[in-house]
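In: with the input below, show me the fold.
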Amino acid sequence: MPSLFAALASAASATVDAVYAEGFTIEGRARPATPAGRVDVNAGTVPSTVRVSYPFQGIWIAVGAVLHAHGRAMSDATTRGVVAEQPMVDVDLHSLLERPQMGDIVRRDDTGERFTVTRFKAVDFGRALVMLAELR
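Out: Numbers count the residues shown, from 1 in each chain. Model (predicted):
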């Protein structure tokens with residue numbers, strides 16, 4: 001049975017997503033195999049035959065948004081703000097079928113923009129940041 005704090009954090013996460021989240025779609029990508037059956041590390045990624053594409057909900061963090069490096073119990077006045085250097089999606093881990101991998105494609109449903117996943121970072125209390133790079 002989860003602790004009271006974990007249950008409250010989950011409820012707060014769901015409430016934040018209900019207010020701020022928007023739709024995204026993730027497309028699993030993988031590197032192709034060589035004729036010998038090994039993964040070709042020099043090739044670009046192609047749509048994965050094993051991993052499925054699926055929609056999820058997340059909070060868009062635009063380039064230039066101010067972030068504060070601290071825990072949830074600290075006020076923003078106790079730390080210096082830093083500017084996000086790349087676009088990100090703040091996501092509840094329960095909305096993901098599987099952990100995004102580097103090279104996966106993320107589409108922002110409202111605008112149609114496409115991004116590639118550069119990094120996945122678990123933050124705290126069942127949330128994570130999916131760091132992205134814009135596809136041109």
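In: contact partners of stretch 108-125?
Out: By CB atoms under 8 Å, 6 or more residues apart in numbering, the surrounding residues in contact with stretch 108-125 are 6, 9-10, 13, 22-26, 55, 60, 71-72, 86-87, 90, 93, 99-107, 128-135. For the C-beta atoms, the positions are set from N, CA and C on the backbone; glycine is no exception.
In: in strands, which of the residues you listed fall?
Out: Of the contacts of stretch 108-125, the ones assigned to strands by DSSP state E are 22-26, 55, 60, 90, 105-107, 128-134.
In: just the buried ones from those, in ChimeraX syntax?
Out: Selection of buried members from the ones in strands among the contacts of stretch 108-125 for ChimeraX, criterion 16 or more other CB atoms under 10 Å:
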select :24,26,60,90,105,106,107,128,129,130,131,132
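In: doesn't Asp17 make contact with Trp60?
Out: No. Shown here, Trp60 and Asp17 do not form a contact pair, counting by CB atoms under 8 Å, at 11.9 Å.
In: could you measure from Gly112 over to Val106?
Out: Applying CB to CB, to the nearest Å, the value for Gly112 to Val106 is 12 Å.
In: next, give phi and psi for Ala18.
Out: Phi and psi for Ala18, reported as degrees, to the nearest 10, are phi -60, psi -30.
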